[in-house]
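Chemist: below are the sequence and a predicted model; questions follow.
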Amino acid sequence: MFKFIFSVNSKRPEQAKPNAKLRLLSTSIRREHGYLLIYGLIVNVSDQDMKNVVAIAECFSSNGTFIKKSDMIVDDVTIKPKQISSFSIAAEDEPDIEDVKISFKHFFGEKIAASDIHNLG
């Protein structure tokens with residue numbers, strides 16, 4: 001059975017970053033069969049192709065204690081400028097998880113600046 005937790009387009013007004021290469025458009029999270037399933041959409045706001053982008057979900061308790069991290073490469077290996085891509089991340093669920101922070105990196109570790117990265121709790 002699906003248990004819908006929340007869905008957001010933006011928890012607060014857009015926080016424009018001058019060096020942002022990605023923008024998080026939307027996210028949703030579900031608890032299902034012992035897993036936390038995180039879905040989202042991003043857009044490439046740079047003027048260059050983005051390759052091998054990895055979405056990262058960091059999970060926290062209600063008091064901000066880090067619980068776990070999970071990541072997955074986004075659905076499109078190459079994201080062209082102005083192209084929208086989706087991502088999905090699955091993490092083993094734990095009852096204490098109440099907040100999730102989404103961020104992005106290149107496959108080999110370099111962090112990617114993004115706008116609208118926010119906590120989802």
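Modeler: Thanks, I have the structure now.
Chemist: tell me the SS of the residue lying closest to residue 85 once chain neighbours are set aside?
Modeler: Excluding the flanking residues, the one nearest residue 85 by CB to CB, 6 or more residues apart in numbering is residue 76, at 4.2 Å. C-beta coordinates here come from the backbone N, C-alpha and C atoms, glycine included. Classification of residue 76 using DSSP: H, G, I helix; E, B strand; the rest coil returns coil.
Chemist: wait, doesn't residue 76 sit right on residue 83?
Modeler: Yes. Shown here, residue 76 and residue 83 form a contact pair, counting by CB atoms under 8 Å, at 7.1 Å.
Chemist: between these two, which one's more packed in?
Modeler: residue 76 (17 against 13; other CB atoms under 10 Å).
Chemist: ok, the more buried one to residue 34 distance?
Modeler: With the distance defined as CB to CB, to the nearest Å, residue 76 ends up 28 Å from residue 34.
Chemist: likewise residue 23?
Modeler: Per CB to CB, residue 23 is found 32 Å from residue 34.
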